[in-house]
Every structure is written in structure tokens, then in C-alpha cells.
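*Asks:* Take this sequence and fold it.
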Amino acid sequence: MKLQCGYDRRKNPSINEYRHLTKEEIMSLSGYALVICNDGKVRTAKINGAVKTWKSDANRIEVPVKYNMYKYARMSLPEALARFVVRVD
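*Replies:* Numbers count the residues shown, from 1 in each chain. A predicted model of the protein is given here:
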């Protein structure tokens, strides 16, 4: 899919090709990751801790993220599959 970078403030911003992350890639996230924001642009978010899993429910996964200066969130697996992307070159 083709998306615009959220940090590009030029009059004609560049549009790049991205793909969604798989479940295995989400399980191994650390550091920073690219996220599709509500406005449809791609920005970075910090993975704020370990990806949380449950023994009783193997499909329940939560990814803690930090974005902006003081905002934190936890993304469930369906939301993470829809929002985390990687750039395809």
C-alpha cells in the first residue's frame, strides 16, 4: 500500500510503499516501529516494554507503545496487525 510520511511537510510530500507486519514480526518488536496514524500517515512509535502474551489465551497479545511526548497506549493483536507497517524498497 502507498502511504505518506507524517513528518514530511513539503508541498508535494513523498509517498512510499509499505506492507503490514506479520504476527511473528510483531512478537519480536523492540525499539521503534512505523505506525499508521488516524490521519492515514505513517509515523514512528517507541515500543515501550516487552510484547505481553498470555499462557491461557495464545491469541491474546498486547504491544505497549509510546507516541508523542506524554501519550502511551497498548495495542491488541488485531489493532497491531492493522497499524504496524514496514517500508518496502
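
*Asks:* For burial, what's the neighbour tally of M75?
*Replies:* Neighbourhood size, M75 [other Cβ atoms under 10 Å]: 20. Any C-beta I mention is one placed from the backbone N, CA and C, and that applies to glycine too.

*Asks:* Three-state assignment for it, please.
*Replies:* The three-state label given to M75 by DSSP: H, G, I helix; E, B strand; the rest coil is strand.

*Asks:* Which residues does the nearest residue to S30 once chain neighbours are set aside form beta bridges with?
*Replies:* Distance criterion Cβ to Cβ, 6 or more residues apart in numbering; nearest residue to S30, sequence neighbours excluded, is I47 at 5.5 Å. With DSSP bridges as the criterion, I47 is bridged to V65.

*Asks:* need the contact list for I47.
*Replies:* Contact partners of I47, counting by Cβ atoms under 8 Å, 6 or more residues apart in numbering, are L29, S30, G31, Y32, A33, V63, P64, V65.

*Asks:* Spell out, range by range, the helices that occur in this structure.
*Replies:* 23-27, 77-83 (DSSP state H).

*Asks:* Go through the longest one and flag the buried ones.
*Replies:* Translated: helix 77-83. L77, A80, L81, R83 (16 or more other Cβ atoms under 10 Å).
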